[in-house]
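*Asks:* Dropping the sequence and predicted coords here.
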Number of protein chains: 2
Amino acid sequence: MQGLMQSYPLTVRMIIERMESHFAHKRVTTLRGGEKRITSYGQLIDRVRKLSAALRNQRLKPGDFVSTLMWNCQEHLETYLAVPAMGGVVHTINARVQPAAITFMLAETRPRMIIADLTLLDTLLKATLPDSVETVLVVGTQEDAPMPAVPGQKASWLSFEDFLASTDIACSWPDLDENSACGACYTSGTTGKMKGVLYSHRSTVLHAMAMMNVDGIALSEHDVCMTVVPMFHAHGWGFPHGSCLSGASQALSVRQADPETLADLIEDAGVTIATAVPTVWINMLEKIRSGEIPPKKLASLRRLPIGGAAVSADLMNGFADLGITVQHCWGMTEVSPLGLVSTRRSGVSDTEWSQLRLRQGISLAGCEMRVMNDKGARVPSDGFSGGELQMRGPWVADSYFDPDKPGHRGGDDKFETDMEGRRWLKTGDIATIDEHGYVKIVDRDKDLIKSGGEWISSLDLESALSEHPAVHEVAVVAIPDAVWQERPLAYVALSNNWCGPSPDFASYLEPRFPRWQIPERFIVLGELPKGATGKINKMRLRQLSCASAESISRSPDRKT
Amino acid sequence: MQGLMQSYPLTVRMIIERMESHFAHKRVTTLRGGEKRITSYGQLIDRVRKLSAALRNQRLKPGDFVSTLMWNCQEHLETYLAVPAMGGVVHTINARVQPAAITFMLAETRPRMIIADLTLLDTLLKATLPDSVETVLVVGTQEDAPMPAVPGQKASWLSFEDFLASTDIACSWPDLDENSACGACYTSGTTGKMKGVLYSHRSTVLHAMAMMNVDGIALSEHDVCMTVVPMFHAHGWGFPHGSCLSGASQALSVRQADPETLADLIEDAGVTIATAVPTVWINMLEKIRSGEIPPKKLASLRRLPIGGAAVSADLMNGFADLGITVQHCWGMTEVSPLGLVSTRRSGVSDTEWSQLRLRQGISLAGCEMRVMNDKGARVPSDGFSGGELQMRGPWVADSYFDPDKPGHRGGDDKFETDMEGRRWLKTGDIATIDEHGYVKIVDRDKDLIKSGGEWISSLDLESALSEHPAVHEVAVVAIPDAVWQERPLAYVALSNNWCGPSPDFASYLEPRFPRWQIPERFIVLGELPKGATGKINKMRLRQLSCASAESISRSPDRKT
């Protein structure tokens, strides 16, 4: 017996039409090299209609890929909306990966069109464009400026604005199957080949709805949202779509994420909520504490949902002093990306909360999680037993995109089917879960330090070290050890404000950890190496540690 | 090209499993005749498992109906969860309709089982039970008390508790198609035959997710929710499912909705949010103003989402003085039921808000609306042009249940398919929409007063009259008129606290309405007649007015 409710597909079209009917006066503020551009949602949707009509003129077919190589900007947002609304798939290329990686992704997705920022044409042209590419649109060109000369390319090159101006035809959008593909994003794995996640309209809309959940991000029509995380990372962590559905205004900074630029934009656009990796806010807090940025520039700011890495109590307290709540989140490209969000549950005391807020959070309503031990059993919710975090839900990936496999489904080793036939994403993160449902990420599977059969949490060590006043950045990695299999090694970059001698980190850690968990060596670097996503590149650090292979002077006592 | 996200069905099972994994310590407080029962969600889900196993033992098949004839209580909530989780359809019978209506509904749904409250057995036995009924479970029996004698019935009769005790088998739930039927509710139309709405798992889960929207009801894990509206009305307006998904605790009063009982329950369970028709809160406010109920009993209460009728400024102000926000909502059985929710939008001034809050609200994200004039065109969003409110969305009905029609699809006159093949529910409500997106219900289609080719809003007259200190309840209906086709007639019930002479309502209205809109006659009744849903029965009032047919003494001047 089927229900008799409307078969109403959850598609990007629904988001566009709500922006138009309810939020036409809301606006997108884009800052590009000091120049500010403000566009109302009403004007934006007019441009989305034109872009849609122009795509139709190009005979864009359902399932055709359109790749973007762009920073966060209004045109990227317009592409986010128009391409899926016409049935196409927006593949957002990470602008920080190597040309070979771009070549690889383009060969897999075989886009009909590429939309690229003027400042990224050099990057694009170092990659090999497949013969599927018919058109390249360039964003950020000056009016009347000639298009850059592009030798040896068969595709047509024109400016994004000229493409929009090529049609005046009003365009309506087709009704699409909600399960059809809407976006693609590749995980920038540190090893092996990159893996593409293929979002559907349904997953995108449900994720946007979940962002409005009062016990989640609580994204509201009252907000002005600044997405600092690049829009080529997992749909900008879902904030652009979430803002469009909820009717929040948006602020976007093209390329620049330095504290001064962001503080200007926050003040200018009245930003209430902003999202970025911790490094961005660590830098901001340093500038505020040093007096270089007056706190009043951040007067409108209320919430900072942070993902991508663990957040220290110091960062939370620093922003709390300014009336700004840092909110821990956890996600990954495969989860659209939000899976866990930290909010204070009822019945949690102030004392408990001071600790619980450091955990990654609670699974969003609509998503399921479990933590599985090595024997394939769920670990108890005791806040202590660790295992692999696994997720399922309507915005969790089922497979990786692999054009050579049947149904394009690849990457089976990262997914598991349980006895009931239910799919689980194996996140590779090691976690504990407590009686409140708060999940704590103990470590990345691949960054695990297993010393004498016991785990050492590199995250806990990093978290403690990051609170030391001399520390700007820190990463703890595993190095091989003849006795204990593995030992932790700490890499530290010192804060610019630190004028004293190199600190004794081992003594600093001693009151907080069992002696056997404390690293023997602390290596000070000018800066820690970063990967394409801005995360610290632990693989590179492990290579460094092997290159400078030294014997370990002191074998630690066990469990004292 | 399909997306590669999990095909994760949105079903009631997902709600149950979240209650179990995240909210086992939350609780349901049920008040039955002064006796209080508290059950944790953990215990509740244990009972849901038992009920599910017992239903499986009865060979409940997917699509089988289970009818309920119950008040709001824990067992009703358990039925809401267990029956759909096993693939069955919960048909909630309105306990206030006539036996003939019950007979009609049972003949359409042909349930395998009926679950009825002990206090409603007389009502049930006045109806004719179809031969499909194999089992009747009785709720509210005393332990060890004999089952009531039920002469001439072929079904097995046993107590709900004995049925649960009949199995110890742990039960897991099947994975169901999200579009399968999950619940049925009949609209209590004032004319013609009753029409069944068949909710799906998908519509139920999406509606519950939408209730957590921060710009909607913002139902949270921090809430304790008291559903006063009967659970046999449109899934209790969605609040039981919404509370289960969000993890809000619940408080339920069996049958009694008098101010004293509700105030006791609010105080006892720490209720933060409660939902009912305006009458309930009008009565509560009277008791508080008269000093019979001390305001401190309502100290925990924060929000009153109100639907079912327009709310007066006096009611809003009265509760605002106690720190309680009355929130206007609009819905109907066919919309699961929430379509419009009033929240204060950004940029709305205090002065604007004092008027806008009286409108029914803004369409929830996920739902679409339009207002259509007689010519089939959308009216402009000017807050003035009126037309029929039409809705579409994933929790809006597509057809009425009609077992005699192909695909069980009936009631075509209430639904419209537009040029793009998109379905719209014709709500029958006449509305305006303003530039902010706020919808104002001007009138019910069938209650419209069209006087000399012009509309008179009975709602506006009712709203103004309800603010008169002498008025307890009011209804304005159309009566036939030789000159003007129709004229308004006002029925008024005076407040118990009113000791003065019968007021001159016409003079009272004169400053606020054009003279031609003011009724010529005001009839004072001891109480206004109510329909099965507790709404004022305007059809009965129209009949009264015809029965006492009097000529109208004064023909009003037009448009002065």
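*Replies:* The structure has been received and is ready for your questions.

*Asks:* In contact with residue A:223, which residues?
*Replies:* Shown in contact with residue A:223 (Cβ atoms under 8 Å, 6 or more residues apart in numbering or on different chains): A:243, A:246, A:248, A:249, A:272, A:273. Placement of C-beta: from N, CA and C, glycine included.

*Asks:* I meant to write residue A:480 there.
*Replies:* Contacts for residue A:480 were tallied using Cβ under 8 Å, 6+ apart; they are residue A:486.

*Asks:* do the same with residue A:100
*Replies:* Contact analysis of residue A:100 by Cβ under 8 Å, 6+ apart lists residue A:127.

*Asks:* Please tell me how far it sits from residue A:127.
*Replies:* Here the criterion is Cβ to Cβ, to the nearest Å. By it, residue A:100 lies 8 Å from residue A:127.

*Asks:* Show only the entries of the contacts of residue A:223 found in helices.
*Replies:* Judged by DSSP state H, the contacts of residue A:223 include A:243, A:246 as members of helices.

*Asks:* got TSV for the contacts of residue A:223, with neighbour count, pLDDT and distance to chain B too?
*Replies:* Output for the contacts of residue A:223, formatted as TSV (neighbours: other Cβ atoms under 10 Å in any protein chain shown; pLDDT from 0 to 100; distance: Cβ to the nearest Cβ, whole Å):
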residue	neighbour count	pLDDT	distance to chain B
A:243	32	98	12
A:246	27	98	7
A:248	25	98	9
A:249	25	98	9
A:272	22	98	10
A:273	27	98	12
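
*Asks:* Determine which two of the contacts of residue A:223 are furthest apart.
*Replies:* Largest separation among the contacts of residue A:223 by Cβ to Cβ: A:246 and A:272, giving 11.9 Å.

*Asks:* Please determine whether the helix or strand containing residue A:82 lies in contact with chain B.
*Replies:* Here residue A:82, judged by DSSP states H and E, is contained in helix A:74-85. No. Helix A:74-85 is not in contact with chain B by Cβ under 8 Å from any Cβ of the partner chain; minimum separation 10.3 Å.

*Asks:* and for that helix, what are the contacting residues?
*Replies:* Applying Cβ under 8 Å, 6+ apart, the set of residues contacting helix A:74-85 is A:11-13, A:15-16, A:28, A:30, A:37, A:39, A:44-45, A:47-49, A:51-52, A:55, A:60, A:66, A:68, A:70, A:89-90, A:115, A:139, A:160, A:173, A:182-183, A:201, A:204, A:231, A:235, A:240-241, A:244, A:250, A:252.

*Asks:* can we see that at 7 Å?
*Replies:* Contact partners of helix A:74-85, identified using Cβ atoms under 7 Å, 6 or more residues apart in numbering or on different chains, comprise A:12-13, A:16, A:28, A:30, A:37, A:39, A:44, A:47-48, A:51-52, A:55, A:66, A:68, A:70, A:90, A:115, A:139, A:160, A:173, A:182-183, A:201, A:231, A:240, A:252.

*Asks:* Tell me the helix or strand right after it.
*Replies:* Remark: after helix A:74-85, the chain's next helix or strand is strand A:89-92, criterion DSSP H and E.

*Asks:* helices and strands around that next one, which ones?
*Replies:* If you count contacts as 3 or more Cβ pairs under 7 Å, 6 or more residues apart in numbering or on different chains; DSSP states H and E, strand A:89-92 packs onto strand A:65-69, helix A:74-85, strand A:181-187.

*Asks:* Next secondary structure element downstream of that strand?
*Replies:* Per DSSP H and E, the first helix or strand lying C-terminal to strand A:89-92 is helix A:99-109.

*Asks:* contacting residues around the helix or strand just after that following helix?
*Replies:* Heading C-terminal from helix A:99-109, the first helix or strand you meet, by DSSP H and E, is strand A:113-117. Strand A:113-117 is contacted from outside by A:66-71, A:79, A:124, A:133-140, A:160, using Cβ under 7 Å, 6+ apart.
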